[in-house]
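In: need a 3D model of the sequence below.
(one chain, ligands or ions: 2)
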Amino acid sequence: MVGHLDLDYFYAQVEEVENPDLRDIPVVVCVFSGRSENSGVVSTANYKARGFGVRSGIPITLAKKRLDGKEAKFVPMDREKYRAYSDQVMDIVKDRVDVIEQTGIDEAFFDITKKSGGDYHVATEMVVALKQKIFQAEKLSCSIGLASSKVVAKLASDFKKPDGLTVVLPNKVHEFMYGTPVEKLYGVGPKSAEALKELGILTIGDLARADIDRLTSVLSHKFSIYLHNAANGIDEPVTSTGEAKQLSRIVTLKRNTKNMEEVFEQLGPAIDDLHKKVLEKGLFFRSISAIGILTDLSIRTKTKTLDAPLSNLISMRKIVRELLFALVQETGDLRRAGIRVSEFSEAKAQSSLAEFLG
Ligand code: DGT
Ligand code: CA
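Out: Numbering: from 1, shown residues only. Ligands and ions are numbered 1, 2, ... in the order given. So this is what the prediction gives:
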């Protein structure tokens, strides 16, 4: 019982969450190269903007042309911010599945065979609840595919977007996959699609029925076997990508400022929240950072590495305060501020170390 979760128009959706006025207009997340005012490419866009032909990878100038005369918003990409949302979503998923394998900032496979008892009805209900939880906690929608293997789940999550849920029962796998163009299959890039086309293989069904020897005439043996299995809905199991290596929280300040007290006060709830998370997970951390995002959206951090792992709130607040103090000495006004902890160790191992140290 495998799921694939993909957050919808992720970067643009985060921008909508932070500024709900954007929900009704085209939103374009841009990677400005800085060479001239509009040079750079589109990272992603919301569905309103996609309706006007705005896509990932097109030049910003072209996107502006396509949205000419429309009330649209062009925002600079802010990966640190998207990372914080992603961490929070993945945390929610982790708590509700057996194993999670994160494959990108906005997507992950998960296995819920044990938690659902292998029953598709139960699993479907669990996935519905998961989508609701993510929406309630982060205001983000996602699309999920549920199936018997990763390749099928991945195709299923892509089947209905945004806010989709597609369940492919084991006896429907062939029907679901066979008519789909082969380039939609996980792992098939434009080059291999071209090679397969030479053999007359256009759909996943063609690939599933093809002789492996024919495939090895244009592709490597290993890849041929992978593809043939994948086309038949067979894939590797979900392998854990492990616990998060860092946890962070970022807040947007009420106004741009470098006043230390003002920033620290607004950061307070985020520190409390992060501390709660650290406790829940039973973790200790050795590295702690204050993050400042300036008005030009550049990011500055100050990090402290501790001699001994820590998890207590008072120390956390004190250190963040020190780091923040050092940070604002070197910057202009901050627009957003945050905190990050990393280099985790588990509480249990640490308590014995603490005992040892007396
Ligand atoms: P969707 O189709 O609703 O899942 O839309 P996205 O925007 O989530 O698209 P996806 O899942 O392919 O990519 C996840 C994020 O990765 C996306 O929000 C922005 C970023 N991204 C995707 N393609 C590009 C690209 O060509 N350039 C850059 N800079 N970023 C990209
Ligand atoms: Ca996505």
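In: residues in contact with the residue lying closest to Leu207 once chain neighbours are set aside?
Out: Once flanking residues are discounted, Leu207 sits nearest to Ala231: 3.9 Å by CB to CB, 6 or more residues apart in numbering. From N, CA and C alone the C-beta is placed, and that goes for glycine too. Counting by CB atoms under 8 Å, 6 or more residues apart in numbering, Ala231 makes contact with 177, 182, 185, 204-205, 207-208, 210.
In: could you list which of the residues you listed belong to helices?
Out: Using DSSP state H, the members of those that fall within helices are 177, 204-205, 207-208.
In: could you confirm Lys115 falls within a helix?
Out: Yes. Judged by DSSP: H, G, I helix; E, B strand; the rest coil, Lys115 forms part of a helix.
In: show the pLDDT at the residue nearest to Leu207.
Out: You'll see Ala231 listed with a pLDDT of 96.
In: again with Gln102
Out: Note on Gln102: pLDDT of 93.
In: next, give phi and psi for it.
Out: Per-residue torsions, Gln102: phi -80, psi 130 (degrees, to the nearest 10).
In: what about it, distance to Asp6?
Out: Per CB to CB, to the nearest Å, Gln102 is found 12 Å from Asp6.
In: go on, Lys254?
Out: 33 Å.
In: is ligand 1 contacted by the helix or strand where Lys64 lies?
Out: Using DSSP states H and E, Lys64 falls within helix 60-66. No. Between helix 60-66 and ligand 1, judged by CB under 6 Å from any ligand atom, nothing touches; the nearest distance is 11.3 Å.
In: any chance you could map the strands in the stretch 151-300 of the chain?
Out: Secondary structure of the stretch 151-300 of the chain (DSSP state E, counting those that start in this stretch): strands at 165-167, 246-257, 283-294, 299-310.
In: so which of those is nearest ligand 1?
Out: Within the strands of the stretch 151-300 of the chain, the stretch nearest ligand 1 is strand 165-167; the backing value is 13.9 Å (CB to the nearest ligand atom).
In: alongside ligand 1, which residues does the stretch 51-200 of the chain contribute?
Out: 56-57, 106, 161-162.
In: and of these, the nearest to ligand 2?
Out: The closest of those to ligand 2 turns out to be Asp106 (CB to the ion; 4.4 Å).
In: give the buried residues for whichever helix or strand comes after the helix holding Lys64.
Out: Toward the C-terminus, helix 60-66 is succeeded by strand 73-76 as the next helix or strand (DSSP H and E). The neighbour-count check on strand 73-76 (16 or more other CB atoms under 10 Å) flags 73-75 as buried.
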